[in-house]
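[1] Predicted model, plus sequence, below.
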Amino acid sequence: MNKKDLSLLVLILVVGAVVAFINPRFLYVGNLSNTLNQVGMFGIFSIAEAFVIIIGGIELSVGSVIALLGVLFIDLIVNHDVNWVLALAMIIAGGLAIGAVHGTLVTKIGIQPFVVTLCGLLIYRGAARYYTEDATAGFGFGASFPMLEWLTAGRTNVLGFPLPHSVIALFVIAVIAWVVLHRSVFGRYLYAVGKNEEAARYSGIRSGRVVIAAYVICGGLTAFAAILIAMYTRSISPAVHGSFYELYAIAAAVLGGCSLRGGEGSIVGVVLGTVLLQVLQNLVNLLGIPSSLNFAVMGTVILIGVLADQYLVQRRRRATTAKGQPQASGAGASLGGATAE
Amino acid sequence: MPEPFLELVDISKNYPGVVALDHVDLSVSRGEVIALIGENGAGKSTLMRVLGGVVEPSGGLIRVDGAERRSLTVGEAITAGIAFVHQELNLFDNLDVAGNVFIGREPVYGGPLRLIDRKQLHAKVQPLLERLGADFGPDAPLAELSLAQHQLVEIMKALSLDARLVIMDEPTSSLTLTETDRLMRVIAGLKADGVSVIFITHRLNEVVQCADRAVVLRDGRMVGALRREELAPAAMIRLMIGRDLKSLYVPPAAPPGDSVLDIEGAVTSTYPDRAVSLSVRRGEILGLAGLVGSGRTELARAIFGVDPLQAGAIRLDGEPIRVAGPRAAIDHGIYLIPEDRKGCGLLLDVSIAENISLPDLSSYLRFFLVNTAQETENAKAQRERLKIRAPDVETSVGSLSGGNQQKVVLAKWLSMRPKVLIFDEPTRGVDVGAKQEIYDMLRRLTDAGVAILMISSDMEEVIGVSDRIAVMHEGAISGFLDRSQFSEHNVLQLAVGHAVE
């Protein structure tokens, strides 16, 4: 866990403590469990987004993909009697395919990621609404999938605490993503391409493939999140389902230390960023702040966080240059430089 | 000769560790055409940047119309009537000709709305177009004009500012012959109107054709001035060289072996009608000399697969190979140490260890994951071997000096099995001590059987390090030199496209 992650954790604890102090209901088991459930679902597609942001791209169609694939999933299992395991595989394959198309358009055709995924945002939303004829898709009377529901939206008692399964899923995905990003060769390539695509190419990295792979991973994880969210809400109004979720994802990634210029960010940070966003959401509810102010509160906190981070980075940079310059002229001077700072 | 309106007196410019200009004097009179010549890195561009107000001199005086000052700002230079036509043109592709000429000074109407008066704008540009004999109108979009026409637009911009002196930095380097002729006529026209011109060029024939005098710089010093009647290519070349080269040459341990890398008829996109053929032998350093822009970097990029080869073939150990991209080149054992270290060679805010392992990560695998212990160990070994001066291998390379950064780039490839190493300006921005260490490393590599192609614009380096020199001129090889033929004179002759006597 790096410094940035640590300061984010401190911020979460401070905000949490303040909320708990004003309204002790924050700490009720039910409330915590519900908040964690949200963290689980939002965390998965935020990690998805992080993969793309780390290679220096952006994925704006997350919310629309969640709506479209959610609608398709429910339609498959409810109206077409597809076995849910098969349906799940189909939906994930769909997400991977969407990612592959986005990645290919970005690398092979050279369209800017913002434009590609903005078009995706519009197309998938429209497709979801057209497919359902703008009607809410959901489980009809009597339709039930006990196993699937238990797996995706259920909770297991752990030491008396009802732990949502979405959190367990997030935990597993986060661990795998952490290993991939921070320990594997592929992860190194992701960061290298995000940091300096030209230098990565000169080092023999096939940067095009790396970029496509990032979008594919993003698509697959988003599809998985779409299923969890669909099973949790149990009914989908295609016009609004998942709208703005891409912005939650981007916000979590940015809070977690991802730079939109690429090459930076940690999985721990992204998960913590998601937690902070959900705690803020909870804060709005619990402190009686009008829910219409929800986004305004979130925006303000993110802005303050980014400003504080910028300030700290600049201060650190000044400190290192103050130390670095005398270092070049001699060891004796560097001590003076360090103490002066 | 009329009284000069602009004088540079005793101008010096020091950068840390480098003297770019060493007590240079230069005066400019009305209607005078001065050619500024010298090798790469002689200080020509720095001197002109002092005049343009971009670089502040470390010492000396600038006298404009008798008023003395230590330095000029860009604004003062413009007010003094000095205009700069840049090597990389500073124009807006998305505007038309008139918009570019009067950028920032557009005639406006509509009071506080400040709308652009296009009619007046065009009316103001029209006479300038006629004066230069331009074959395009004021409303021609810049994106549709050729490079030569862009230059005319820059010159118009200068004239619209009532320039008394127009500085052109290698104006003809990318022009065709007819375009060059037209530019020469434009310069003559400016002269007739009393506008002075200083132009930097490597094409000595142009100097003879249109300059009133030539000023020669070498290693930041003014080493000579030639009057109109003295202008001859041979005389200019004599002045441009004539420095004692320190002998740094270390001969190879064994005579070079068979050729390892053969380039046959390679064509790059920059010079689509020129082909390059050369071969590099085992255990030899082939220096690739030439002026900036002669197509050397493009050739290196094509061999390494960064840019596709337009035509031609590459053979490695006699076998034809296809290099579809850098990965393929690397898999064949052909590595490139690029000229643009920061942009292409390194990930600046990443550690030394991670930079070194990047091209070869698959050999650091343990259970599909990067074995960081092995990575650190190898980086430490390379740090030892190349004497990379850094507190530890976790240091980010951005904080290292140029020489140590270059050693990290080298370490990337030395941890693998190089057959052919292509160096593009191996010691640019590298201090003297590290330079020698890099040269030693080159020799040790060739003695271990590696073939090295070394692109260099540093005459001392080309002559002092190479076993053989190939010289490029405008996209083609203009000649090869063996050690017995090595001289600055010969390299320069070939570089400007003349044959060796």
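    It's in.
[2] contacts and neighbour counts: CA atoms only from here.
    OK.
[3] Give me the neighbour count for the closest residue to chain B within the stretch 1-150 of chain A.
    For the stretch 1-150 of chain A and chain B, the shortest gap (Cα to the nearest Cα) falls at A:Ile55, measuring 13.7 Å. A:Ile55 has 30 neighbouring residues, counting by other Cα atoms under 10 Å in any protein chain shown.
[4] Could you give the backbone dihedrals for it?
    A:Ile55 adopts backbone torsions of phi -80, psi 10, taken as degrees, to the nearest 10.
[5] for the one 3 residues further on, same thing?
    Listed backbone geometry of A:Ile58 is phi -150, psi 150, with angles given as degrees, to the nearest 10.
[6] That one: neighbouring residues, count only.
    Applying other Cα under 10 Å, we find 25 residues neighbouring A:Ile58.
[7] Would you check that it makes contact with A:Val116?
    No. Contact criterion Cα atoms under 8 Å: A:Ile58 and A:Val116 do not qualify, at 9.3 Å.
[8] what sits against the residue lying closest to the residue of the stretch 1-150 of chain A closest to chain B once chain neighbours are set aside?
    Counting by Cα to Cα, 6 or more residues apart in numbering or on different chains, A:Ile55 lies nearest to A:Gly194, which is 3.8 Å off, once chain neighbours are set aside. Neighbour list for A:Gly194: A:54-56, A:261-264 [criterion: Cα atoms under 8 Å, 6 or more residues apart in numbering or on different chains].
[9] let's see it at 10 Å
    Contacts for A:Gly194 were tallied using Cα atoms under 10 Å, 6 or more residues apart in numbering or on different chains; they are A:52-57, A:188, A:200, A:207, A:210-211, A:259-264.
[10] Within the helices and strands, which one has it?
    Element membership for A:Gly194 (DSSP states H and E) is helix A:185-195.
[11] Tell me which other helices or strands the one helix or strand B:Thr46 maps to touches.
    B:Thr46 is part of helix B:44-52, with elements assigned from DSSP H and E. If contacts are counted by 3 or more Cα pairs under 10 Å, 6 or more residues apart in numbering or on different chains; DSSP states H and E, helix B:44-52 sits against strand B:6-15, strand B:18-28, strand B:33-37, helix B:74-79, strand B:82-85, strand B:165-169, strand B:196-200, strand B:213-218.
[12] who wins for proximity to B:Ser478 among these?
    Between B:Ser478 and these, the tightest spacing by Cα to Cα is seen for strand B:33-37, at 20.7 Å.
[13] Could you check the angle the closest one makes with strand B:18-28?
    Interaxial angle, strand B:33-37 versus strand B:18-28 (axes from the mean of the first three to the mean of the last three Cα atoms, to 10 degrees): 160 degrees.
[14] so what does strand B:33-37 touch, helix or strand wise?
    helix B:44-52, strand B:165-169, helix B:177-192, strand B:196-200, helix B:204-210, strand B:213-218, strand B:221-227, helix B:233-240.
[15] swap the cut-off to 6 Å and go again
    strand B:196-200, strand B:213-218 (3 or more Cα pairs under 6 Å, 6 or more residues apart in numbering or on different chains; DSSP states H and E).
[16] Among the contacts of A:Gly194, which ones are in helices?
    Residues of these located in helices (DSSP state H): A:52-54, A:188, A:200, A:207, A:210-211.
[17] Let's see the pLDDT reported for B:Ala353.
    For B:Ala353, the model assigns a pLDDT of 94.
[18] for A:Ala333, same thing?
    Predicted confidence (pLDDT) at A:Ala333: the value is 30.
[19] ok, now A:Val106?
    As predicted, A:Val106 sits at a pLDDT of 96.
[20] For A:Gln278, give its distance to chain B.
    Noted for A:Gln278: a distance of 32 Å to chain B, by Cα to the nearest Cα, to the nearest Å.
[21] looking at this, A:Leu151 is in a strand?
    No. When DSSP: H, G, I helix; E, B strand; the rest coil is applied, A:Leu151 is found to be helix, with no strand at that position.
[22] For chain B, see how far away the residue lying closest to it once chain neighbours are set aside is.
    Closest residue to A:Leu151 apart from its sequence neighbours, by Cα to Cα, 6+ apart: A:His165 at 6.6 Å. From A:His165 across to chain B, the span is 28 Å (Cα to the nearest Cα).
[23] Quick check: A:His165 touching A:Thr156?
    No. Using Cα atoms under 6 Å, A:His165 is not in contact with A:Thr156, being 7.1 Å away.
[24] More neighbours: which of those two?
    Set side by side, A:His165 and A:Thr156 show unequal neighbour counts under other Cα under 10 Å, the larger going to A:His165 at 21 against 14.
[25] Tabulate the helices and strands packed on helix B:44-52 in CSV, adding columns for distance to A:Ala89, mean neighbour count and mean pLDDT.
    Output for those, formatted as CSV (distance: least, Cα to Cα, whole Å; neighbours: other Cα atoms under 10 Å in any protein chain shown; pLDDT from 0 to 100):
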stretch, distance to A:Ala89, mean neighbour count, mean pLDDT
strand B:6-15, 63, 19, 90
strand B:18-28, 65, 18, 88
strand B:33-37, 70, 26, 92
helix B:74-79, 65, 17, 88
strand B:82-85, 63, 24, 88
strand B:165-169, 63, 25, 91
strand B:196-200, 67, 25, 92
strand B:213-218, 71, 24, 91
